[in-house]
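Asker: here is the input, now give the coordinates:
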Amino acid sequence: MMLFGSLLLLVFLTDGVRPEQNCSYQDVLNYLNMSRNNERFSMSRPVKNYRHTTPVHLEVVLYAILDVVEKEQKFIPYVWTVMRWNNEYISWDPNQFCGIDNVSLPAELLWKPDLAIVEMTEKDKAPPSPYLTINAKGDVEVQNVQVLVSTCRMQIYTFPFDIQSCNLTFKSVIHAAKDIRLRASDNSSEATEESREAMQTQYEWLFINMTVTPRNSTDLLSQDIIVYTIKMKRRSALYIVNFILPILFFLCLDLASFLMSDTGGEKLSFKITVLLAVTVLQLILNDILPSSSNRIPLIAVYCIGMFALMMLSLLETIVLMYLIEKDSAPQDNKKNRSLRDKCNQGKDNYNNCHEEMHSWTQCSSIFDVSGETPSELLSMTNERQSRKMVEDERVLEKVSDELREMEKTLSLILSSRRDEFKPGYWSTVAKRVNKVFFIFYVIVITVFLVYLFLMWKSE
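Answerer: Just a heads-up that it's a prediction; the model follows:
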């Protein structure tokens, strides 16, 4: 009995010592003979028979949409990728190693699939994960976070109400389908749900969904491809407030300019200023939109249409000013002619008075004074001189009165030129043209805006 108890105690102590000796990750690695010097795990595809294919399961989760550059047609997402495959050289019994069923080790110790993203244009900005994980069945898992700079063909026809779809295409660089078979770990709905839960931030773009499309090759010499299509929608509120509405406000100002007078140059200068403001907004739009678009974006049609309508309104104002000026030219000639007549009349009155005074003095000097005495002659001479001075004063007063009348007439003409102007034939034509054009202008603007709205909604 005591011998049986001793044997049980010995067995218990022996079983307790063995787990203590094999309960570290290094024991697992030693069992697998895995070290940096062992090239069997890192030099070639991990299969014992080269005819065996290596299935690689891929999972992609979108963390954030960092940027979308329309001008350069670049898409910059922040994604989390997971690759899983089986290494036929790796396996152990977890019961022999205290239940250890997975081990983390440096990534450079094992062979990894050479998957690449076709659309990637720049090197990944995020550092790769330095470790990978293996389990007792030989499954290897690598997880990486990546900041991808990829190309994406932008469809900007409905900008800024556009919805973009950008692809991330994964494929092997050199291995054909007979070597590596790509498999998607999640379907489209699962990938979309995981991405929405993991989404950290959304700036200008709102994530809609992610579509997973495996393209398995039927030819073993070709390559398997998995395409992840990320669908996103632009936040358009900022563009509406900063771009679309200002142009619409400029159009309202142009409509309000029809209330201004056409006789002065203020209306013309105002319309030119509004037209220049729309031109500045067009230059800003040119810096945003790419030049490689197949169709002219509706926002560009909106700007060009508004610019054309305002330019047509400006041309109409120029024509109206020409018609009014053409009608006012005869009025100015008539007023200038009446002014010259008045001036000539005053001049003739002055000359007549001067001639009368000159003739009167001549007659008085011819008068026969031979029968008069010197004293009488002297008194008569003084009398004639006093009369002459009186007549000169009367003539000067008369000329002064004429000059005052001329001054009043000239000031009255200059001050009341516009008030006394009566519209003639061309002015009446200009008013009718302005009314007809205003009605036409409002109708064309309404039809144009309704058309653009329907096109934006239909797309």
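
Asker: next, give phi and psi for residue 266.
Answerer: phi -70, psi -40 (degrees, to the nearest 10).

Asker: next helix or strand past the top strand by length along the chain?
Answerer: The residue-count maximum for a strand in the chain (DSSP state E) belongs to strand 54-69. Going down the chain from strand 54-69, the next helix or strand is strand 74-86, by DSSP states H and E.

Asker: so what strands line up beside that next one?
Answerer: strand 54-69 (antiparallel), strand 139-147 (antiparallel), strand 150-151 (antiparallel) (DSSP bridges).

Asker: ok, which of these comes nearest residue 104?
Answerer: The closest of these to residue 104 is strand 139-147. By CB to CB, the value is 9.8 Å. From N, CA and C alone the C-beta is placed, and that goes for glycine too.

Asker: and the contacts of the closest one?
Answerer: With contact meaning CB atoms under 8 Å, 6 or more residues apart in numbering, strand 139-147 is reached by 63, 66, 76-87, 90, 107, 110, 112, 124-126, 128-129, 132-134.

Asker: please list only the buried members of those.
Answerer: Listed as buried from those are 63, 66, 76-81, 83-87, 90, 107, 110, 132, 134; burial here means 16 or more other CB atoms under 10 Å.

Asker: the helices in the stretch 101-250 of the chain, which residues?
Answerer: Ranges of helices within the stretch 101-250 of the chain are 188-198, 237-239, 245-256, based on DSSP state H, counting those that start in this stretch.

Asker: out of the ones you listed, which is closest to residue 294?
Answerer: Comparing these by CB to CB, helix 237-239 comes nearest, at 21.1 Å.

Asker: what's the spacing between that closest one and its chain's center?
Answerer: 10 Å (CA atoms, centre = their mean, to the nearest Å).

Asker: residue nearest the centroid of the protein?
Answerer: residue 285 (3.7 Å; CA atoms, centre = their mean).

Asker: any idea how far it is from residue 146?
Answerer: 33 Å (CB to CB, to the nearest Å).

Asker: now residue 262
Answerer: Where residue 146 is concerned, residue 262 sits at a distance of 65 Å (CB to CB).

Asker: first-to-last residue distance for stretch 110-124?
Answerer: Its first and final residues considered, stretch 110-124 spans 21 Å by CA to CA, to the nearest Å.

Asker: quick one: residues contacting residue 103.
Answerer: Counted by CB under 8 Å, 6+ apart, residue 103 has contacts 25, 28, 29, 133, 134, 135.

Asker: closest one to residue 212 out of these, please.
Answerer: Closest to residue 212, out of all of these and judged by CB to CB, is residue 133, at 23.3 Å.

Asker: thought that closest one was touching residue 102?
Answerer: Yes. The pair formed by residue 133 and residue 102 meets the contact definition of CB atoms under 8 Å, at 5.6 Å.

Asker: host element of residue 314?
Answerer: Going by DSSP H and E, residue 314 is part of helix 298-366.

Asker: nearest residue to residue 135 in space, please, no chain neighbours.
Answerer: Excluding the flanking residues, the one nearest residue 135 by CB to CB, 6 or more residues apart in numbering is residue 102, at 4.4 Å.

Asker: give me the distance between that neighbour and residue 48.
Answerer: Residue 102 is 22 Å from residue 48, by CB to CB.

Asker: picking that back up, okay, the strands paired with strand 74-86 in a markdown table with mean pLDDT and distance to residue 95 next?
Answerer: Below are those laid out as a markdown table (pLDDT from 0 to 100; distance: least, CB to CB, whole Å):
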| stretch | mean pLDDT | distance to residue 95 |
| --- | --- | --- |
| strand 54-69 | 92 | 27 |
| strand 139-147 | 93 | 18 |
| strand 150-151 | 92 | 46 |
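
Asker: is it true that residue 445 touches residue 252?
Answerer: No. The pair residue 445 and residue 252 fails to qualify as a contact (CB under 8 Å) at a distance of 10.0 Å.
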